[in-house]
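**Q** Whatever this is, show me its structure:
(one chain, ligands or ions: 2)
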Amino acid sequence: MLAHLDDLLGTARVVQLPMRARFRGITLREAVLFEGPEGWTEFSPFVEYRDEEASAWLHAAIDFGWRAQPAPLRELIPVNATVPAVAAEAVAMILDRYPGARTAKVKVAEPGQTLADDIARVRAVRDRLGPEGRIRIDANALWNVDEAEHAIHALATFDLEYVEQPCATVEELAEIRARTRYMDIPIAADESVRKASDPLAVARAGAADLLVIKAQPLGGVHAALRIVAEAGLPVVVSSALDTSIGIAMGARLASAVPALDFDCGLGTVAMFEEDVAVEPIVPVDGAIRVERPEVSAAQLDRLSAPADRRDWWLDRVRRCYRLVERATAL
Ligand SMILES: O=C(O)CCC(=O)c1ccccc1C(=O)O
Ligand SMILES: [Mg+2]
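**A** Ligands and ions are numbered 1, 2, ... in the order given. Coordinates of the predicted model:
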């Protein structure tokens, strides 16, 4: 094991980052940062995840903090704007936070909303980006196959780059892919990669045209690169709503994949009101840089979580560490 539990606990800082707008129901994003020999690293599985799933995220944190990273093949990573399931009127303000971005990812299928809301939001994005902008939509597995077919057909008029995780299962993805093939819109798998017991099953089944690859849920940069190599599909590297430290991990992965033909979902620090880095990794001219940002001691103090949340996170680190120890030979 590369890092001892004491190394993790001894350097752990638990932070809470206020969000500009609610995303995934979150207004305060919690993360643990550790400082390893390679630099700062992040552990930030969503609070509702069970330990088994969260332990892959701890494996990733150890990988990035304690293990030399693969050589970067590129220094700048083009990123997409991320548009939450907001009202159409709010779209312009959100896109303004991603200066130079030519691509937007738009959340759709939000519970409590209608297809008309999705259409209005995607139309507003198209109006703002112009005809040459790229628009991808992400349903987060919330449509059944008929709903997906209806919605994709209705949204196709806005010219979609791809549809991310329209339905939940690999079987449904294969079905919607077959049904919409005549529209020539690629289907991307996200949850079917990062939440599956076998992240390669969706590729093997031929149920997706491309994969969304995230460093933390896949166990880190090295593990994710192995999955990319085995899948043999184009990839988009994305984040899971990380601080600048987790984004640096994602950027490092994006810098090392053999081909990067899609803009990456790594501009999400723009969704936070505050961040832990002296210079937060936010998009400039549509791209982020590949580097380990300097962490601000003052920001770590300002954003420090209350004692009960710190205890909760450190207990989670202890439990997940046992699972990582059992599952791997790091
Ligand atoms: O890909 C992006 O643009 C940002 C990342 C993102 O959308 C996301 C962030 C947190 C949790 C899930 C997702 C997702 O892609 O489904
Ligand atoms: Mg997604």
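
**Q** Now do the same contact list for the closest residue to ligand 2 within the chain.
**A** Of the residues in the chain, the one nearest ligand 2 is D190, at a distance of 3.6 Å by CB to the ion. Quick note: C-beta positions are derived from backbone N, CA and C, even for glycine. Contacts for D190 (CB atoms under 8 Å, 6 or more residues apart in numbering) come out as 138, 140, 164-165, 212, 214, 238.

**Q** Ignoring the adjacent residues along the chain, who's closest to it?
**A** What sits nearest to D190 in space, not counting adjacent residues and going by CB to CB, 6 or more residues apart in numbering, is V212, at 3.9 Å.

**Q** Remind me what the helix or strand D311 falls within packs against, helices and strands.
**A** Here D311 sits within helix 307-327, counting by DSSP states H and E. When contacts are defined as 3 or more CB pairs under 8 Å, 6 or more residues apart in numbering; DSSP states H and E, helix 307-327 sits against helix 5-11, strand 13-23, strand 26-36, helix 51-66.

**Q** Relative to L160, which of those is closest?
**A** strand 13-23 (21.3 Å; CB to CB).

**Q** in the closest one, what's buried?
**A** 13-17, 19, 23 (16 or more other CB atoms under 10 Å).

**Q** Stretch 74-92 now?
**A** In stretch 74-92, counting by 16+ other CB under 10 Å, buried: 77-86, 88, 91.

**Q** Show me the domain layout of the chain.
**A** Domains of the chain are assigned by automatic domain parsing as 5-69+297-327, 76-289.

**Q** picking up where we left off before, just checking, the residue nearest to D190 touches V193?
**A** Yes. Here V212 reaches V193: they are 6.3 Å apart, a contact under CB atoms under 8 Å.

**Q** Got phi/psi on the residue nearest the centre of the chain?
**A** Centroid check for the chain by CA atoms, centre = their mean gives S239 as the closest residue, at 2.2 Å. Dihedral pair for S239: phi -110, psi 180, per degrees, to the nearest 10.

**Q** check contacts around the closest residue to Y98 other than its chain neighbours.
**A** Excluding the flanking residues, the one nearest Y98 by CB to CB, 6+ apart is A81, at 3.7 Å. Residues in contact with A81, defined by CB under 8 Å, 6+ apart, are 94-95, 97-98, 101, 103-105, 267, 270.

**Q** what's the answer for E75, then?
**A** Neighbours of E75 in contact, by CB under 8 Å, 6+ apart: 255, 289-290.

**Q** Can you name the residues in contact with stretch 7-21?
**A** 26-36, 61-62, 66, 84, 86, 90, 94, 97, 243, 271-276, 300, 303-305, 309-310, 313-314, 317-318, 321.

**Q** Only the buried subset of the residues you listed, as a PyMOL command please.
**A** The PyMOL command for the buried members of the contacts of stretch 7-21 (criterion: 16+ other CB under 10 Å) is given here:
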select buried, resi 29+30+31+32+33+34+35+36+61+62+66+84+86+94+97+243+271+272+274+275+276+303+305+309+310+313+317+321
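
**Q** re earlier: going by mean pLDDT, which of the helices and strands packed on helix 307-327 comes out lowest?
**A** Mean pLDDT is lowest for strand 13-23 among the helices and strands packed on helix 307-327, at a mean of 94.

**Q** Could you check which residue of the stretch 51-200 of the chain lies nearest ligand 1?
**A** T82 (3.6 Å; CB to the nearest ligand atom).

**Q** and that residue, that's in a helix?
**A** No. Secondary structure of T82 (DSSP: H, G, I helix; E, B strand; the rest coil): strand, not part of a helix.

**Q** pretty sure it is in contact with M271, am I right?
**A** Yes. Judged on CB under 8 Å, T82 makes contact with M271 at a distance of 6.7 Å.

**Q** what angle sits between the helix or strand of the chain with the lowest mean pLDDT and helix 307-327?
**A** Here the helix or strand of the chain ranked lowest by mean pLDDT, DSSP states H and E is strand 13-23, holding a mean of 94. Strand 13-23 and helix 307-327 are oriented at 100 degrees to each other (axes from the mean of the first three to the mean of the last three CA atoms, to 10 degrees).
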